[in-house]
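Student: Make a model of this:
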Amino acid sequence: MRLKTFTAPSMGEAMQLVKAHLGEDAIIVSTQKGDGGIGVRITAAIETADEYDEEPDGVADIEVEEDIADSLRQHNVPADLAERLIRTAISLDTDDPLIAMAGALDQHFKFQPLSKITKRPVILVGLPGAGKTLTAAKLATRAVMKKKTVNIITTDTVRAGGYEQLAAFTRVLGVDLMSAETPAELRDALDACAPGAAVIVDCAGGNPFDEDDVRAQVNLLRAIDGEIVFVAAAGGDPIEAAEIAEAYATMGARRMVSTRIDIARRLGAVLAAADAGRLTFAEVGISGAVAEGLAPLNPISLARLLLPNHAAVRDEAAE
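Tutor: Okay, the predicted model is just below:
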(Lines give C-alpha, C1' and ligand atoms only; values in the text may rest on other atoms or scores of the structure.)
Protein backbone atom coordinates (compact mmCIF):
# COMPACT_ATOMS: atom_id res chain seq x y z
CA MET A 1 0.00 0.00 0.00
CA ARG A 2 1.24 3.46 -0.86
CA LEU A 3 0.51 6.41 1.42
CA LYS A 4 0.68 10.06 0.38
CA THR A 5 -0.13 13.35 2.07
CA PHE A 6 -1.74 16.20 0.17
CA THR A 7 -2.18 19.80 1.29
CA ALA A 8 -4.56 22.32 -0.25
CA PRO A 9 -6.52 25.46 0.67
CA SER A 10 -9.83 23.60 0.81
CA MET A 11 -11.19 20.07 1.18
CA GLY A 12 -12.49 20.12 -2.40
CA GLU A 13 -9.11 21.04 -3.83
CA ALA A 14 -7.38 18.45 -1.66
CA MET A 15 -9.75 15.73 -2.93
CA GLN A 16 -9.01 16.79 -6.50
CA LEU A 17 -5.30 16.30 -5.80
CA VAL A 18 -5.99 12.85 -4.36
CA LYS A 19 -8.00 11.80 -7.44
CA ALA A 20 -5.53 13.33 -9.88
CA HIS A 21 -2.48 11.62 -8.42
CA LEU A 22 -3.81 8.43 -6.83
CA GLY A 23 -6.98 7.83 -8.81
CA GLU A 24 -10.60 7.07 -7.95
CA ASP A 25 -9.67 4.01 -5.87
CA ALA A 26 -7.70 5.99 -3.29
CA ILE A 27 -8.76 5.59 0.34
CA ILE A 28 -8.75 8.56 2.72
CA VAL A 29 -6.73 7.59 5.80
CA SER A 30 -6.89 10.85 7.75
CA THR A 31 -7.77 14.52 7.42
CA GLN A 32 -6.27 17.39 9.40
CA LYS A 33 -6.24 21.14 9.40
CA GLY A 34 -3.35 22.77 7.57
CA ASP A 35 -0.58 24.83 9.15
CA GLY A 36 -1.95 27.50 11.45
CA GLY A 37 -5.46 26.10 11.00
CA ILE A 38 -5.51 27.21 7.36
CA GLY A 39 -6.43 24.73 4.64
CA VAL A 40 -6.43 20.97 4.99
CA ARG A 41 -3.98 18.08 4.93
CA ILE A 42 -5.25 14.70 3.73
CA THR A 43 -3.43 11.39 3.93
CA ALA A 44 -4.63 8.94 1.28
CA ALA A 45 -3.68 5.37 0.37
CA ILE A 46 -3.84 3.14 -2.67
CA GLU A 47 -3.09 -0.55 -3.05
CA THR A 48 -0.83 -0.19 -6.11
CA ALA A 49 0.66 3.07 -7.26
CA ASP A 50 3.41 2.12 -9.72
CA GLU A 51 1.91 4.41 -12.36
CA TYR A 52 2.12 7.44 -10.04
CA ASP A 53 5.84 8.01 -9.70
CA GLU A 54 6.05 11.77 -9.70
CA GLU A 55 5.52 13.78 -6.54
CA PRO A 56 3.23 16.79 -7.19
CA ASP A 57 3.55 20.10 -5.39
CA GLY A 58 2.04 19.93 -1.92
CA VAL A 59 2.72 16.20 -1.51
CA ALA A 60 5.02 14.97 1.27
CA ASP A 61 6.41 11.46 1.66
CA ILE A 62 4.41 9.96 4.50
CA GLU A 63 7.25 7.59 5.37
CA VAL A 64 9.51 10.53 6.22
CA GLU A 65 6.74 12.06 8.32
CA GLU A 66 6.15 8.79 10.16
CA ASP A 67 9.87 8.22 10.82
CA ILE A 68 10.30 11.68 12.28
CA ALA A 69 7.04 11.58 14.23
CA ASP A 70 7.94 8.20 15.73
CA SER A 71 11.40 9.44 16.69
CA LEU A 72 10.12 12.61 18.36
CA ARG A 73 7.49 10.60 20.20
CA GLN A 74 10.14 8.14 21.40
CA HIS A 75 12.23 11.02 22.74
CA ASN A 76 9.22 12.52 24.58
CA VAL A 77 9.38 15.77 22.65
CA PRO A 78 6.42 17.97 23.69
CA ALA A 79 3.52 17.69 21.24
CA ASP A 80 3.50 21.33 20.17
CA LEU A 81 7.22 21.38 19.41
CA ALA A 82 7.04 17.99 17.70
CA GLU A 83 4.22 19.19 15.46
CA ARG A 84 6.21 22.26 14.42
CA LEU A 85 9.26 20.16 13.62
CA ILE A 86 7.22 17.63 11.65
CA ARG A 87 5.51 20.33 9.60
CA THR A 88 8.83 21.86 8.67
CA ALA A 89 10.43 18.48 7.93
CA ILE A 90 7.72 17.34 5.51
CA SER A 91 7.76 20.69 3.72
CA LEU A 92 11.35 20.02 2.63
CA ASP A 93 11.97 18.37 -0.71
CA THR A 94 13.72 15.22 0.49
CA ASP A 95 12.86 11.59 1.12
CA ASP A 96 15.75 11.17 3.58
CA PRO A 97 14.48 11.35 7.20
CA LEU A 98 17.91 12.43 8.47
CA ILE A 99 18.10 15.37 6.06
CA ALA A 100 14.49 16.30 6.73
CA MET A 101 15.05 16.22 10.49
CA ALA A 102 18.26 18.22 10.22
CA GLY A 103 16.53 20.81 8.04
CA ALA A 104 13.70 21.19 10.54
CA LEU A 105 16.14 21.52 13.44
CA ASP A 106 18.13 24.10 11.50
CA GLN A 107 15.04 26.22 10.98
CA HIS A 108 13.77 26.00 14.56
CA PHE A 109 17.03 26.23 16.55
CA LYS A 110 20.33 28.06 16.52
CA PHE A 111 23.72 26.36 16.76
CA GLN A 112 26.96 28.06 17.83
CA PRO A 113 29.74 26.04 19.46
CA LEU A 114 32.01 27.20 22.25
CA SER A 115 35.03 26.07 20.25
CA LYS A 116 36.58 29.48 20.72
CA ILE A 117 36.46 30.96 24.20
CA THR A 118 36.16 34.68 23.62
CA LYS A 119 37.66 37.53 25.60
CA ARG A 120 34.52 37.60 27.72
CA PRO A 121 34.42 35.15 30.62
CA VAL A 122 32.27 32.06 30.04
CA ILE A 123 29.93 31.72 33.03
CA LEU A 124 28.43 28.26 33.54
CA VAL A 125 25.07 28.17 35.35
CA GLY A 126 22.47 25.51 36.07
CA LEU A 127 21.00 23.17 38.65
CA PRO A 128 23.16 21.35 41.20
CA GLY A 129 24.63 18.22 39.64
CA ALA A 130 24.05 19.35 36.05
CA GLY A 131 27.71 18.88 35.15
CA LYS A 132 29.00 22.45 35.32
CA THR A 133 32.28 21.60 37.05
CA LEU A 134 33.13 18.82 34.61
CA THR A 135 32.16 21.09 31.71
CA ALA A 136 34.49 23.79 33.07
CA ALA A 137 37.29 21.24 33.22
CA LYS A 138 36.57 20.09 29.67
CA LEU A 139 36.57 23.66 28.32
CA ALA A 140 39.79 24.41 30.18
CA THR A 141 41.42 21.23 28.81
CA ARG A 142 40.43 22.19 25.27
CA ALA A 143 41.97 25.64 25.70
CA VAL A 144 45.17 24.25 27.27
CA MET A 145 45.56 21.79 24.39
CA LYS A 146 45.44 24.80 22.08
CA LYS A 147 48.20 26.35 24.20
CA LYS A 148 45.97 29.11 25.56
CA THR A 149 46.30 30.60 29.03
CA VAL A 150 43.28 29.71 31.15
CA ASN A 151 41.98 30.82 34.52
CA ILE A 152 39.05 29.20 36.32
CA ILE A 153 36.97 30.90 38.98
CA THR A 154 34.53 28.89 41.09
CA THR A 155 31.69 30.29 43.14
CA ASP A 156 30.88 26.82 44.47
CA THR A 157 32.29 27.33 47.96
CA VAL A 158 29.49 25.59 49.89
CA ARG A 159 29.02 22.18 48.26
CA ALA A 160 31.13 19.54 49.97
CA GLY A 161 34.03 18.60 47.74
CA GLY A 162 33.06 21.06 45.00
CA TYR A 163 36.22 23.13 45.18
CA GLU A 164 38.41 20.08 45.68
CA GLN A 165 37.00 18.39 42.59
CA LEU A 166 37.82 21.35 40.38
CA ALA A 167 41.19 21.85 42.09
CA ALA A 168 42.15 18.29 41.15
CA PHE A 169 41.48 19.04 37.49
CA THR A 170 43.29 22.36 37.49
CA ARG A 171 46.40 20.92 39.16
CA VAL A 172 46.74 18.39 36.36
CA LEU A 173 46.23 21.07 33.73
CA GLY A 174 48.49 23.60 35.40
CA VAL A 175 45.62 26.11 35.44
CA ASP A 176 45.12 28.76 38.11
CA LEU A 177 41.98 28.29 40.19
CA MET A 178 40.36 31.05 42.25
CA SER A 179 37.23 31.14 44.36
CA ALA A 180 34.66 33.89 44.79
CA GLU A 181 31.56 33.84 46.94
CA THR A 182 30.25 37.41 46.52
CA PRO A 183 29.91 39.76 43.54
CA ALA A 184 32.82 41.86 44.85
CA GLU A 185 35.02 38.79 45.21
CA LEU A 186 34.11 37.71 41.69
CA ARG A 187 35.18 41.10 40.30
CA ASP A 188 38.42 40.93 42.26
CA ALA A 189 39.11 37.41 41.00
CA LEU A 190 38.54 38.49 37.41
CA ASP A 191 40.92 41.41 37.87
CA ALA A 192 43.54 38.97 39.18
CA CYS A 193 43.35 36.74 36.09
CA ALA A 194 46.29 36.71 33.71
CA PRO A 195 46.05 39.36 30.97
CA GLY A 196 44.46 37.90 27.87
CA ALA A 197 43.61 34.62 29.58
CA ALA A 198 40.48 32.68 28.75
CA VAL A 199 38.31 32.82 31.88
CA ILE A 200 35.78 30.17 32.86
CA VAL A 201 33.46 30.75 35.83
CA ASP A 202 31.96 27.65 37.42
CA CYS A 203 28.91 28.86 39.32
CA ALA A 204 27.38 27.02 42.24
CA GLY A 205 24.15 25.21 41.47
CA GLY A 206 21.07 27.28 42.17
CA ASN A 207 17.32 27.03 42.52
CA PRO A 208 15.66 28.98 39.68
CA PHE A 209 12.28 28.81 41.45
CA ASP A 210 13.35 30.36 44.74
CA GLU A 211 13.15 34.16 44.69
CA ASP A 212 15.98 34.73 47.17
CA ASP A 213 18.24 32.28 45.37
CA VAL A 214 17.47 33.83 41.99
CA ARG A 215 18.22 37.30 43.35
CA ALA A 216 21.58 36.11 44.66
CA GLN A 217 22.41 34.40 41.36
CA VAL A 218 21.50 37.47 39.31
CA ASN A 219 23.60 39.76 41.52
CA LEU A 220 26.56 37.47 41.00
CA LEU A 221 26.03 37.20 37.25
CA ARG A 222 25.77 40.96 36.86
CA ALA A 223 29.03 41.55 38.71
CA ILE A 224 31.09 40.91 35.58
CA ASP A 225 30.56 41.14 31.83
CA GLY A 226 30.51 37.52 30.76
CA GLU A 227 28.65 35.11 28.51
CA ILE A 228 26.17 33.12 30.56
CA VAL A 229 25.89 29.50 29.39
CA PHE A 230 23.15 27.23 30.73
CA VAL A 231 24.36 23.70 31.53
CA ALA A 232 21.68 21.01 31.71
CA ALA A 233 21.83 17.24 31.95
CA ALA A 234 20.02 15.34 29.22
CA GLY A 235 17.06 13.19 30.20
CA GLY A 236 14.40 14.13 32.70
CA ASP A 237 10.99 15.65 32.27
CA PRO A 238 10.64 17.92 29.18
CA ILE A 239 8.11 20.26 30.80
CA GLU A 240 10.27 20.81 33.85
CA ALA A 241 13.35 21.24 31.66
CA ALA A 242 11.52 23.93 29.69
CA GLU A 243 10.57 25.82 32.86
CA ILE A 244 14.14 25.68 34.17
CA ALA A 245 15.56 26.86 30.85
CA GLU A 246 13.12 29.76 30.75
CA ALA A 247 14.21 30.79 34.24
CA TYR A 248 17.91 30.80 33.33
CA ALA A 249 17.21 32.57 30.04
CA THR A 250 15.56 35.30 32.09
CA MET A 251 18.80 35.52 34.09
CA GLY A 252 20.71 36.10 30.87
CA ALA A 253 21.66 32.68 29.49
CA ARG A 254 21.83 32.60 25.70
CA ARG A 255 23.61 29.34 24.92
CA MET A 256 23.21 25.84 26.31
CA VAL A 257 25.54 22.90 26.95
CA SER A 258 23.78 19.54 27.28
CA THR A 259 25.62 17.02 29.43
CA ARG A 260 25.28 13.22 29.71
CA ILE A 261 24.17 12.83 26.12
CA ASP A 262 26.05 9.54 26.04
CA ILE A 263 23.84 7.95 28.71
CA ALA A 264 20.49 9.63 27.97
CA ARG A 265 18.02 7.68 25.86
CA ARG A 266 15.36 10.35 25.53
CA LEU A 267 16.32 13.86 24.45
CA GLY A 268 12.94 15.56 24.55
CA ALA A 269 14.05 17.60 27.57
CA VAL A 270 17.03 18.94 25.61
CA LEU A 271 14.85 20.16 22.74
CA ALA A 272 12.17 21.49 25.09
CA ALA A 273 14.73 23.48 27.08
CA ALA A 274 16.30 25.08 24.02
CA ASP A 275 12.88 25.89 22.57
CA ALA A 276 11.39 27.36 25.73
CA GLY A 277 14.46 29.41 26.62
CA ARG A 278 15.28 30.32 23.01
CA LEU A 279 18.74 29.04 23.76
CA THR A 280 21.41 28.37 21.17
CA PHE A 281 22.83 24.85 21.12
CA ALA A 282 26.55 25.02 21.87
CA GLU A 283 28.13 21.75 22.98
CA VAL A 284 27.14 18.33 24.23
CA GLY A 285 28.84 16.13 26.78
CA ILE A 286 29.55 12.87 24.97
CA SER A 287 31.54 11.10 27.71
CA GLY A 288 32.95 11.53 31.18
CA ALA A 289 36.46 11.91 29.77
CA VAL A 290 37.86 15.37 30.35
CA ALA A 291 40.13 15.46 27.30
CA GLU A 292 37.56 14.48 24.66
CA GLY A 293 34.29 14.78 26.50
CA LEU A 294 32.74 17.75 24.67
CA ALA A 295 31.61 18.01 21.08
CA PRO A 296 30.03 20.90 19.17
CA LEU A 297 26.45 20.39 18.09
CA ASN A 298 24.95 21.13 14.68
CA PRO A 299 21.68 20.20 12.93
CA ILE A 300 23.08 17.01 11.38
CA SER A 301 24.68 15.70 14.57
CA LEU A 302 21.53 16.44 16.56
CA ALA A 303 19.39 14.74 13.92
CA ARG A 304 21.63 11.67 14.19
CA LEU A 305 21.05 11.59 17.92
CA LEU A 306 17.29 11.80 17.48
CA LEU A 307 16.87 9.28 14.68
CA PRO A 308 17.61 5.57 15.15
CA ASN A 309 20.04 3.69 12.96
CA HIS A 310 22.26 6.73 12.42
CA ALA A 311 25.77 7.42 13.74
CA ALA A 312 25.98 9.18 17.09
CA VAL A 313 27.43 12.62 17.55
CA ARG A 314 30.69 11.23 18.91
CA ASP A 315 31.33 9.61 15.51
CA GLU A 316 30.87 12.91 13.73
CA ALA A 317 33.04 14.70 16.28
CA ALA A 318 35.84 12.23 15.59
CA GLU A 319 35.78 12.85 11.84
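Student: Only C-alpha atoms from now on, for both contacts and neighbour counts.
Tutor: Will do.
Student: which residues in the chain form strands?
Tutor: Assigned by DSSP state E, the chain shows strands spanning 2-8, 27-33, 40-46, 59-61, 122-125, 150-154, 176-179, 198-202, 227-233, 255-259, 280-285, 294-296.
Student: shaky segments in the stretch 1-150 of the chain?
Tutor: Scanning the stretch 1-150 of the chain for pLDDT under 70 picks out the ranges 1-3, 29-30, 34-37, 47-61, 115-118.
Student: same thing but at 50, please
Tutor: Low-confidence segments of the stretch 1-150 of the chain, defined by pLDDT under 50: 1, 49-54, 57-60.
Student: quick revisit: for A69, which of the strands of the chain is the nearest?
Tutor: Among the strands of the chain, the nearest to A69 by C-alpha to C-alpha is strand 59-61 (12.6 Å).
Student: Please work out which of the strands of the chain is packed deepest.
Tutor: strand 255-259 (a mean of 28; mean count of other C-alpha atoms under 10 Å).
Student: any idea how far A44 is from the nearest residue to C193 once chain neighbours are set aside?
Tutor: If the residues on either side of it in the chain are set aside, C193 comes closest to N151, at 6.3 Å by C-alpha to C-alpha, 6 or more residues apart in numbering. Per C-alpha to C-alpha, to the nearest Å, N151 is found 61 Å from A44.
Student: Low-confidence stretches in the stretch 201-319 of the chain?
Tutor: Using pLDDT under 50, the stretch 201-319 of the chain drops low at 311-319.
Student: please redo it, this time with the cut-off set to 80
Tutor: Applying pLDDT under 80 to the stretch 201-319 of the chain flags residues 288-292, 308-319.
Student: Helices of that one, start to end?
Tutor: Under the criterion DSSP state H, counting those that start in this stretch, the stretch 201-319 of the chain contains helices at 211-221, 238-250, 268-277, 299-306, 313-318.
Student: Buried residues, stretch 6-20. List them.
Tutor: 6-8, 11, 14-15, 17-18 (16 or more other C-alpha atoms under 10 Å).
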